[in-house]
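[1] model the structure of this input:
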Amino acid sequence: MKSTQQFTAIIEREGDGYISLCPELDIASQGDNIEAARRNMIEALELFFETAHPSEVKNRLILGD
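    Numbering: from 1, shown residues only. Take a look at the predicted model:
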């Protein structure tokens, strides 16, 4: 069964591009525009969940509270 969670994405302009930050997991990404920063954040989160040990996910979520 696939579960769904929602996370915060803060996207801010920085120089000529945009940075995105997920504060709950302390993951950041970037893009040339807002949509690219959002897509890249989604990809970064997917990769994190695919590769991180469950204890790392739990630890980051607890520390983010």
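[2] can you show me the strands along this protein?
    Secondary structure of the chain (DSSP state E): strands at 10-14, 17-22, 27-31.
[3] let's have those in JSON lines, adding mean pLDDT and mean neighbour count.
    Where you see a C-beta, it was placed from the backbone N, CA and C, and this is true even at glycine. Formatted as JSON lines, the strands of the chain follow (pLDDT from 0 to 100; neighbours: other C-beta atoms under 10 Å):
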{"stretch": "strand 10-14", "mean pLDDT": "98", "mean neighbour count": "12"}
{"stretch": "strand 17-22", "mean pLDDT": "98", "mean neighbour count": "19"}
{"stretch": "strand 27-31", "mean pLDDT": "98", "mean neighbour count": "18"}
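[4] what residue ranges in the protein score low on pLDDT?
    Within the chain, the stretches with pLDDT under 70 are 1, 64-65.
[5] go ahead and name everything in contact with the lengthiest helix in the chain.
    Using DSSP state H, we find that the single longest helix of the chain is helix 34-51. Identification of contacts with helix 34-51 by C-beta atoms under 8 Å, 6 or more residues apart in numbering yields 7, 9, 11, 17-20, 22, 25, 27-31, 57.
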